[in-house]
Structure formats: structure tokens, C-alpha cells
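# Mind folding the following:
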Amino acid sequence: MTFSYYISKVNWQLIITHLVATFFIIIAARQFAILNDPGFIESFDKYGVDNGLKHLAKEDNFPTRLVYFSLWTNLSSFIGVMLAFVISLILTIKRKVFWANAIIVFIMVFLLNRLGLFNNKIIDTIFFSPGNLAAHFGLQYKFITNGIILTLVGLFIFLSKWINTDLWQKR
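Next up is the predicted model:
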């Protein structure tokens, strides 16, 4: 089998759709990771970032909390990428579509994430605004609401027959 045979099996519509769905899963994972220590975010919200860090630094367990908070927030994008990759791979194998489509999505998302595409303030403003509706219940509910909405949108894009009618055709 030649290289052109494998290129002909690549489904670019599927790849673009899975890129968009993966994007939503990644930013949802970032929202859920903040819930690891909501006290950090509450302190930043109450005092501002600089004064919030000064306030938190007075606590005995601050170094441990800072390490765990940083660890989870930094790993959240990777966890989102891996979760979306597994979903994409399962769907492509289940629908008997060329499995390399999922690998291409993984590589493209990994590179786009490393380039910082998912850390954009405009993206944050647009996609994190629904959580403001629940912010008056508590700051944690803002992140829970954002995470749930973004996860549902990502899963809808991955699983919807309405969006994916032509994508699963074998090539």
C-alpha cells in the first residue's frame, strides 16, 4: 500500500470536527481543575492576585497548596487532550473509519495547545461567561457551570448524529 492510499483515507471534515470538540473538552478540563482548591480562586477574587498571594502566604500549608494547585491547573489541558483523544479514537474505531484520523487530531491539538492557542483571553471571555449566571451562588458554581456546559458542547459535537451525518462515511 502506498502513501497516497493512506492519504486518501484521511477524513479532513472529521478531523476539523474533532478538533473543535477537543477544544471544548480541553477548556472544560481547565475549569474543573480550578475546583481542586477553590480557596485560591476565592482569595484572588476577594483580594486581587498580588494581595491574594500575600494573604495565602501567611498560611502554614501554602507551599503545598500552591504546588498542588499549579500541578492540577497545568495538567488539566493534557488531561483534556488525552480524554478527547480517547473519545475520538473509540469513535473512529467503532465507526470503522481510518484510525489515523484520531492520531492526526491528537497531534494537531497537542501542537496548538503547546503554541498557546487555548490560553487566549478572548476565548476565555466568550466561553467562560455562562458561568457568571451561577456566580452569585458561589465562585465554585461558576467553574462547575462552565465546565459542565463546555463538556456537554464537546460531547455533543463528538457524538451528535445531526452534526456528524457525513463524517462517518468510509473513504
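# Below-threshold pLDDT in this protein: ranges please.
For the chain, the stretches flagged by pLDDT under 70 are 1, 6, 120-121, 135, 163-171.
# which residues in it form helices?
3-8, 12-34, 38-47, 49-57, 62-94, 100-114, 121-127, 139-159 (DSSP state H).
# mind checking which of these is nearest residue 133?
For these, proximity to residue 133 was assessed by C-beta to C-beta; helix 139-159 is nearest, at 6.8 Å. Every C-beta, even on glycine, is put in place using the N, C-alpha and C of the backbone.
# got a list of contacts for the closest one?
Applying C-beta atoms under 8 Å, 6 or more residues apart in numbering, the contact partners of helix 139-159 are 17-18, 20-25, 27-29, 31-32, 34-35, 38, 41-42, 45, 84, 87-88, 91, 127-128, 130-135, 163.
# For the helices of the chain, give me CSV that also has mean neighbour count.
Shown next, in CSV, are the helices of the chain (neighbours: other C-beta atoms under 10 Å):
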stretch, mean neighbour count
helix 3-8, 9
helix 12-34, 21
helix 38-47, 16
helix 49-57, 13
helix 62-94, 16
helix 100-114, 17
helix 121-127, 11
helix 139-159, 19
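# The residue lying closest to residue 87 once chain neighbours are set aside and residue 85, how far apart?
The shortest distance from residue 87 to any non-neighbouring residue, by C-beta to C-beta, 6 or more residues apart in numbering, is to residue 158 (5.5 Å). Using C-beta to C-beta, to the nearest Å, one gets 11 Å for the distance from residue 158 to residue 85.
# Tell me who's in contact with the residue nearest the centre of the chain.
The chain has residue 26 as the residue nearest its centroid, 0.8 Å off, counting by C-alpha atoms, centre = their mean. Shown in contact with residue 26 (C-beta under 8 Å, 6+ apart): 77, 80, 81, 84, 109, 113, 118.
# Go through these and say which is closest to residue 3.
Distances from residue 3 to the contacts of residue 26, taken as C-beta to C-beta, are shortest for residue 109 (23.6 Å).
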